[in-house]
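Asker: One predicted model, sequence on top.
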Amino acid sequence: MRWSFTVLGLCIVLAGCAAPPYQGLNKQSYGDLANYRDSVTNASISPPHCDPTYQYADVNELSRQITGLITKPFGGMETIDPAVHKEDLDNNFKIPGDMGMPTVVLLERTPGEIVFWYNGELVTLAEAAKAAEVYCGRDGKQAAYEGSSRKCSAPQLMPVAINGKSTMITTYVISAFQCVMPPAAHPTKSRVRKGG
């Protein structure tokens, strides 16, 4: 199982308040957005993880689920992005925050767009899309996925090696969604009975 982002948050706190990795970012900070697709289903997926040993399979998803359940009772101790909380979007994420640093941050929001930064190990594109749908839905619009970009952290030394691995590379993701009007419903023609 992967180390929780809590370890990274604790390392950042102990290292002396390094600038958070999302500080000063915007939609284009990691380069052009791309729409990553699953080769089988053609569905939109998150960018690939930076750590070559990371395999986002059932075991890692289970680890994320368990981390979410374990940290839930300690919700008051986690750091959640104030903008995510103000927009009441934190409930769309299993792990909206962690000790010392949010796992998802709202970079930009307008009536026509919402842009998230998140830790790709603890937050999924599906969660960001769900939060975008909630945000856009308040104005009667729907969220249209624009794309994502990623940045790899420098290798970070873990306090304890797991399965012989002593470093961790975190995948940071920026995902953007446009708020668009849903396709107009086609009016149905009412049938008029002749005669009668």
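Answerer: Yes, it's here.

Asker: what distance separates the start and the end of stretch 19-33?
Answerer: 24 Å (C-alpha to C-alpha, to the nearest Å).

Asker: do stretch 158-167 as well
Answerer: In stretch 158-167, first residue to last residue: 5 Å (C-alpha to C-alpha).

Asker: what separates it from the chain centre, distance-wise?
Answerer: 25 Å (C-alpha atoms, centre = their mean, to the nearest Å).

Asker: How about stretch 85-104?
Answerer: A distance of 10 Å separates the centroid of the chain from that of stretch 85-104, by C-alpha atoms, centre = their mean.

Asker: Quick check: closest non-adjacent residue to Leu125.
Answerer: Once flanking residues are discounted, Leu125 sits nearest to Ser46: 4.2 Å by C-beta to C-beta, 6 or more residues apart in numbering. Just so you know, the C-beta spots here come from the backbone N, C-alpha and C atoms, and that holds for glycine as well.

Asker: cool, Ala143 as well?
Answerer: Spatial nearest neighbour of Ala143, chain neighbours left out: Ala132 (3.8 Å); criterion: C-beta to C-beta, 6+ apart.

Asker: what number of residues lie near the one you found?
Answerer: By the criterion of other C-beta atoms under 10 Å, Ala132 has 27 neighbours.

Asker: One more: the one 5 residues further on?
Answerer: A count of nearby residues for Gly137, using other C-beta under 10 Å, gives 13.

Asker: Thr110 versus that one, what's the distance?
Answerer: Here the criterion is C-beta to C-beta, to the nearest Å. By it, Gly137 lies 15 Å from Thr110.

Asker: what do you get for Tyr172?
Answerer: Tyr172 sits 22 Å away from Thr110 when distances are taken as C-beta to C-beta.

Asker: The two: which has the busier surroundings?
Answerer: Tyr172 (21 against 8).

Asker: which residues in the protein form helices?
Answerer: Under the criterion DSSP state H, the chain contains helices at 5-14, 58-71, 82-86, 125-137.
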